[in-house]
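Student: sequence and predicted structure, then a few things I'm wondering about:
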Amino acid sequence: MDRKDFIKSGLITTIGLIACSSPKNGIKPIQTKTNKLEELYIPALHPTLEEGNIQKVKYCQTGHQFACSEYIYGPKKMGPAPHVHDTLDELMYVIEGAATIMVGNNITRVEAGAWHMRPHGIVHTFWNAEDVPVKFLDIYTNQNFDDFQIEYKAVKKYLKDNQIAKDSKASYAKLDELFSKWGITMYHEQRKPIMEKYGLT
């Protein structure tokens, strides 16, 4: 084989290898981990005003990528006290109504169909300033926040069963033990002024 034919043969072989390894649409295939996720189906479940929220997707079900809960807040209802997460990011999608979200000094009204992210490291909270309920999804990344929610409900039950007042120092001390464990710093004293300012309960 002369030099010309050798080069031609090499080019044809190279083109053939590229054609075999590259998809027709030019998009590179996604490299996945060896521990592939299984198909997941979540039946239609919705929280009641009494429940407040339900877990939709658990952190362990997504290969430790995210968790998701669905919430419903009644009219003029305050959310948690302003707080900050060490690592957790929260992405909200409003299904019905509108949520008011405070991140740092910014206050945003998030209507149905809109998304809003509350990043870690910034003080934030939310509430329902409307005259109708608000329903939304919260997606949690970087932490198994669904496990925190289970522990939080257990602590709330403990406080109720032992008749410890909701806004007492004893209540805050018990809750702060849990919050500290999960990298959350709460600013309890900031909740009431927000409620008074916006007429919330």
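Tutor: Arrived safely, thanks for sending. A quick note: this is a predicted structure, and the numbers were derived from the prediction, not measured. Numbering: from 1, shown residues only.

Student: burial of H85, as a residue count?
Tutor: Residue crowding around H85 was assessed by other Cβ atoms under 10 Å; the count is 23. (C-beta placed from N, C-alpha, C; glycine too.)

Student: and it, how far from G63?
Tutor: Remark: distance between H85 and G63 (Cβ to Cβ, to the nearest Å) = 21 Å.

Student: now the strands for the chain?
Tutor: 53-57, 66-73, 77-78, 83-85, 89-96, 98-103, 106-111, 115-118, 124-128, 134-141, 184-186 (DSSP state E).

Student: ok, now which ones touch the closest residue to A165 other than its chain neighbours?
Tutor: By the measure of Cβ to Cβ, 6 or more residues apart in numbering, the closest residue to A165 outside its immediate chain neighbours is S171, 6.1 Å from it. Contacts for S171 (Cβ atoms under 8 Å, 6 or more residues apart in numbering) come out as 159, 164-165.

Student: return the most buried member of the strands of the chain.
Tutor: Ranked by mean neighbour count, the strands of the chain are led by strand 124-128 with a mean of 23 (mean count of other Cβ atoms under 10 Å).

Student: what helices and strands are in contact with it?
Tutor: On a contact count with 3 or more Cβ pairs under 8 Å, 6 or more residues apart in numbering; DSSP states H and E, strand 124-128 meets strand 77-78, strand 83-85, strand 98-103, helix 191-198.

Student: mind putting the ones you listed into a markdown table with mean pLDDT and distance to G52?
Tutor: Formatted as a markdown table, those follow (pLDDT from 0 to 100; distance: least, Cβ to Cβ, whole Å):
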| stretch | mean pLDDT | distance to G52 |
| --- | --- | --- |
| strand 77-78 | 98 | 9 |
| strand 83-85 | 99 | 17 |
| strand 98-103 | 99 | 14 |
| helix 191-198 | 97 | 16 |
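
Student: out of the ones you listed, which is closest to G183?
Tutor: The closest of those to G183 is strand 83-85. By Cβ to Cβ, the value is 6.1 Å.

Student: contact partners of that closest one?
Tutor: Contacts to strand 83-85, defined as Cβ under 8 Å, 6+ apart, come from residues 120-125, 143, 179, 183-187.

Student: for N53, state which of these is nearest.
Tutor: Distances from N53 to the contacts of strand 83-85, taken by Cβ to Cβ, are shortest for T125, at 15.2 Å.

Student: how near is that closest one to T48?
Tutor: T125 is 23 Å from T48, by Cβ to Cβ.

Student: could you do R118 as well?
Tutor: 24 Å.

Student: below-threshold pLDDT in the protein: ranges please.
Tutor: Within the chain, the stretches with pLDDT under 70 are 1-35.

Student: kindly recompute the last result at 90.
Tutor: 1-38, 45-46, 49-53, 55, 166-167 (pLDDT under 90).

Student: hmm, back to that, now the contacts of S171 in TSV, please, with extra columns for neighbour count and distance to L40.
Tutor: Shown next, in TSV, are the contacts of S171 (neighbours: other Cβ atoms under 10 Å; distance: Cβ to Cβ, whole Å):
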residue	neighbour count	distance to L40
L159	17	34
I164	14	38
A165	9	41
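
Student: including distance to G79, could those go into TSV?
Tutor: Output for the contacts of S171, formatted as TSV (distance: Cβ to Cβ, whole Å):
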residue	distance to G79
L159	18
I164	21
A165	20
